[in-house]
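Novice: Sequence and predicted model, in that order:
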Amino acid sequence: MFSADLDPGTARDVSNVVDEASLLAAGPNVSDFFPALAPADLQGVRWRMARLVRRMYTIIDEQVERRKHSRAAGEARRNDLLDVMLDKEGELEEENTDDTRRHDTIRGLFTDLFTGGETTSHTIQCSLAELLQAPNSMRKVQEELKTVMGTKQQIDETVISKLPYLQAVVKETLRLHPPVPLPPYEAEATVEVQGYSIPKGTKVLINIWAINRCVDAWVEPNKFMPERFLGSEVNFMGRDFQLIPFGAGRRICLGLPLAYRMVHLMLGSLPHRFRWTLPAEDEKNGVDMRERFGLALSLVVPLRAVPEEIH
């Protein structure tokens, strides 16, 4: 987004803000059960979330100002998302659009991208963790990449369709570790579903985690087995209801196309460029796959792995 790595302190701040916001948003809030109490913000949820948003805005503002200074100094364009947004800001300025509105648009977009990236990073982390515990699957991924890529180092989205085993690994990871296990919905009108009346305004939580491990839909549902998807037409695009990590229908996740590309490209790059092993102190007990519930799932103990570059 910014064509530059954030310094370690800022990167840590971003990670902490996203983690804390996720836990805060998913935590129990008395205002959800007694809406009349919402203005009082008895638990301070709104105040704490506003503090996190302000911190994220400060980080984004620093990057925006840095880019504005470099552009004013005549430095070469990066042609990234930030440059595009600043170009658009200039167009809106010519149209006399309010300064605050223009600035808030940039802030909001980058905040969405930062927070939305948490689910993608969780999927990549869980995929690598599962592969480290399944050496045969890791070997199959690497052999497939070597066959398709040859000596080419950089993976691009044109080759994703040629990597069926990698796609199967991604599907299996999303089945076992859906990043948003209980997505919330709201009934726009009173409806009846299989004999149950759902009044207008009812909040409905879909238990995707349970659906993805249903014994009626999956053989050995708790086992990591990418092979179950080889030769299968089942995918996560919202048409197969036994696998809906992104939801389905008109309310399907808007970030699905971006997540699809990012997960395959990043997960493919990791075993293609590196051999991965667990640290010596973790080899005995293996990877801790316990997950922590938040707005999105995350591993209780973040994965630690040692890369060795493949020459």
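Specialist: Noted; the coordinates are in hand.
Novice: Spit out the contact partners of the residue nearest to residue 301 when sequence neighbours are not counted.
Specialist: Sequence neighbours aside, residue 288 is the residue nearest to residue 301 in space, at 4.2 Å (criterion: Cβ to Cβ, 6 or more residues apart in numbering). Heads up, the C-betas are built off the backbone N, CA and C, glycines and all. Residue 288 sits next to 299, 300, 301 when contact means Cβ atoms under 8 Å, 6 or more residues apart in numbering.
Novice: Tabulate the residues you listed (JSON lines), appending pLDDT.
Specialist: JSON lines is the format used below for the contacts of residue 288 (pLDDT from 0 to 100):
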{"residue": "299", "pLDDT": "90"}
{"residue": "300", "pLDDT": "90"}
{"residue": "301", "pLDDT": "91"}
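Novice: Which parts of the stretch 1-150 of the chain are helices?
Specialist: 8-26, 30-33, 45-72, 81-94, 99-133, 135-149 (DSSP state H, counting those that start in this stretch).
Novice: Compare the contacts of residue 288 and tell me which has the most neighbours.
Specialist: The residue in the contacts of residue 288 with the most neighbours, by other Cβ atoms under 10 Å, is residue 299 (17 neighbours).
Novice: was I right about that one contacting residue 289?
Specialist: Yes: look at residue 299 against residue 289 with Cβ atoms under 8 Å: they come within range, at 7.1 Å.
Novice: Name the residues contacting each of the two.
Specialist: With Cβ under 8 Å, 6+ apart, residue 299 and residue 289 have common neighbours 126, 129.
Novice: now, which of the contacts of residue 288 lie within strands?
Specialist: residue 299 (DSSP state E).
Novice: how is the protein carved up into domains?
Specialist: If you go by automatic domain parsing, the domain ranges for the chain are 1-97, 135-311.
Novice: ranges for the strands of the stretch 201-311 of the chain?
Specialist: 203-205, 274-277, 291-292, 298-299, 306-309 (DSSP state E, counting those that start in this stretch).
Novice: highest average neighbour count across the ones you listed?
Specialist: strand 298-299 (a mean of 20; mean count of other Cβ atoms under 10 Å).
Novice: Name the strands paired with that strand and say parallel or antiparallel.
Specialist: Sheet pairing for strand 298-299, assigned by DSSP bridges, gives strand 291-292 (antiparallel).
Novice: So what touches the partner strand?
Specialist: For strand 291-292, contacts defined as Cβ under 8 Å, 6+ apart pick out 23, 177, 297, 298, 299, 300.
Novice: Max pairwise distance over the residues you listed: which two?
Specialist: Spatially, the most separated pair among these is 23 and 177, at 17.5 Å (Cβ to Cβ).
Novice: neighbour-wise, which of those two wins?
Specialist: Ranked by neighbour count (other Cβ under 10 Å), residue 23 and residue 177 place residue 177 first, with 24 against 15.
Novice: residues contacting residue 143?
Specialist: Counting by Cβ under 8 Å, 6+ apart, residue 143 has no contacts.
Novice: For stretch 179-187, measure first residue to last.
Specialist: End-to-end distance for stretch 179-187, by Cα to Cα, to the nearest Å: 23 Å.
Novice: got the buried residues for it?
Specialist: Neighbour-count burial for stretch 179-187, with 16 or more other Cβ atoms under 10 Å as criterion, is recorded at 179, 180, 181, 183.
Novice: just stretch 244-253 next, same as before
Specialist: Under the neighbour-count criterion of 16+ other Cβ under 10 Å, stretch 244-253 has 244, 245, 246, 247, 248, 253 buried.
Novice: ok, now stretch 209-229?
Specialist: Applying 16+ other Cβ under 10 Å to stretch 209-229 flags 209, 211, 212, 213, 218, 221, 224, 225, 226, 228, 229 as buried.
Novice: now, which of these lie within helices?
Specialist: 209, 211 (DSSP state H).
Novice: Closest to residue 284 out of the buried residues of stretch 209-229?
Specialist: residue 224 (20.0 Å).
Novice: so what does the lowest-mean-pLDDT helix or strand in the chain touch, helix or strand wise?
Specialist: Between all helices and strands in the chain, the lowest mean by mean pLDDT, DSSP states H and E belongs to helix 81-94, at a mean of 80. For helix 81-94, the packing partners by 3 or more Cβ pairs under 8 Å, 6 or more residues apart in numbering; DSSP states H and E come out as helix 45-72, helix 99-133.
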